[in-house]
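> Sequence and predicted model, in that order:
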Amino acid sequence: MTEHPGRFGTRLAAAVATRGPLCVGIDPHRELLLSWGLTDDVEGLRRFTDAVVEALAGTVAVLKPQSAFYERHGSRGLLVLEDAVATARAAGALVLLDAKRGDIGSTMAGYASVFEPGHPLQVDALTVSPYLGPGSLEPAVDAARRHGGGLFVLARTSNPDAAVFQHAQLDDGRTVAQAVVDQVGRWNTPDWLVGDPAPDPASYAELQGRWGGDTGSFGVVVGATLAELDVDLDGLRGPVLAPGLGAQGGTPADLRRLFGRGRAVVPTVSRDVLGTGPDVGALRAAAARWAAELAG
Ligand SMILES: O=C(O)c1cc(=O)[nH]c(=O)n1[C@@H]1O[C@H](COP(=O)(O)O)[C@@H](O)[C@H]1O
């Protein structure tokens, strides 16, 4: 029987306490492979991924490989992803698989198998889409609870046209985005009561205090590119993944403007760090620059 690794929220707070909150996305776009002088094939993909993992897995709290850029290369691309995930986790980084999964319940359970010990692509957390309704994600919530995993649910995404759907109003007057946040908040309430080993209340309170935010295992995605924070996050009790920094225009000042300082925010950057490669030292320096700016 494999030991439970502990709740994701608690593990995330602990990683942030020692490494800071920065998440770096691993997005091996064709353009990036070519700009690194690599070929746009599985060999290039492997060299790119190995360099990013070598540079950052020992220092950043979270690495977020984008599944699309591995799937692009077929089964051999997925092998590269599996190796990278295992190496990154062994080096102490939490791995958030960015695959934006979302389907009816029974299929969702299949996607959520990435939380199971022994799965070739076992990860710490997964991005998911709530478009099929909150109930569709429940099997992933259950699997995450059983195996100490976490979910980040798309709520207010960073792309400019997102509000068309995400600001749509429900009968009760809430926006779709707010309904997503509220649902995720409900999943966080009994997080440690169902299936997981209960955290020691004192250390939980200490972790909350250290990060200045809540540490439930279920989070939402809210872009750093928003003109204003148009969802109420007070009932979330979990982390916020904030993409859109750098290449999409978001800045550390935007993060402070949107979220203040008292929240468990995980800012995530991909191209702005990856574009400094292939030199491992340059990648590390770029991530360190972001970390310093975010701390400032
Ligand atoms: O879930 C995500 O990570 C995500 C949500 C969102 O609202 N916007 C967004 O850009 N992302 C992802 O974050 C990464 C952004 O990359 P950069 O714009 O290069 O930093 C991509 O992998 C996107 O798929």
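Yes, it's here. Model, not experiment: these values are computed from the prediction.

> The ligand contacts on the protein?
Proximity of the chain to the ligand, by Cβ under 6 Å from any ligand atom, involves residues 25, 27, 66, 98, 127, 157-158, 221, 223, 243-244, 246-248, 268-271. C-beta here means a position set from N, CA and C on the backbone, and glycine is covered the same way.

> Mind checking which of the residues you listed are in helices?
Taking DSSP state H as the definition of helices, the residues of the chain next to the ligand contribute residue 271.

> residues contacting residue 36?
Contacts for residue 36 were tallied using Cβ atoms under 8 Å, 6 or more residues apart in numbering; they are 44, 47, 48, 51, 277, 278.

> Check the contact between residue 233 and residue 240; I expect there is one.
Yes. With contact defined as Cβ atoms under 8 Å, residue 233 reaches residue 240; the gap is 6.5 Å.

> So which of these two has more stuff around it?
Between residue 233 and residue 240, counted using other Cβ atoms under 10 Å, residue 240 has the larger neighbour count: 27 against 24.

> so what's the backbone phi/psi at that one?
Note on residue 240: its backbone torsions stand at phi -110, psi 120 [degrees, to the nearest 10].

> tally of neighbours for the residue of the stretch 51-200 of the chain found nearest the ligand?
In the stretch 51-200 of the chain, the residue that lies nearest the ligand is residue 157 (3.1 Å; Cβ to the nearest ligand atom). By the criterion of other Cβ under 10 Å, residue 157 has 21 neighbours.

> again, but for the one 3 residues further on
Taking other Cβ under 10 Å as the neighbour definition, residue 160 ends up with a count of 11.

> Spatially nearest residue to residue 267 (excluding sequence neighbours)?
Spatial nearest neighbour of residue 267, excluding adjacent residues (Cβ to Cβ, 6 or more residues apart in numbering): residue 242 at 4.9 Å.

> Just give the number of residues close to the one you found.
Neighbour number of residue 242 under other Cβ under 10 Å is 28.

> check contacts around it.
For residue 242, the contact set (Cβ under 8 Å, 6+ apart) comprises 221, 222, 223, 224, 250, 255, 258, 259, 265, 266, 267, 268.

> what bridges to the last one?
Note on residue 268: beta-bridge partners by DSSP bridges are residue 23.

> Might you list the low-confidence residue ranges for this structure?
1-3, 190-214 (pLDDT under 70).

> residue closest to the middle of the protein?
residue 96 (4.6 Å; Cα atoms, centre = their mean).

> Quick one: the helices in the stretch 1-150 of the chain, in order.
Per DSSP state H, counting those that start in this stretch, the stretch 1-150 of the chain carries helices over the ranges 8-19, 30-35, 42-56, 68-71, 74-90, 105-111, 138-147.
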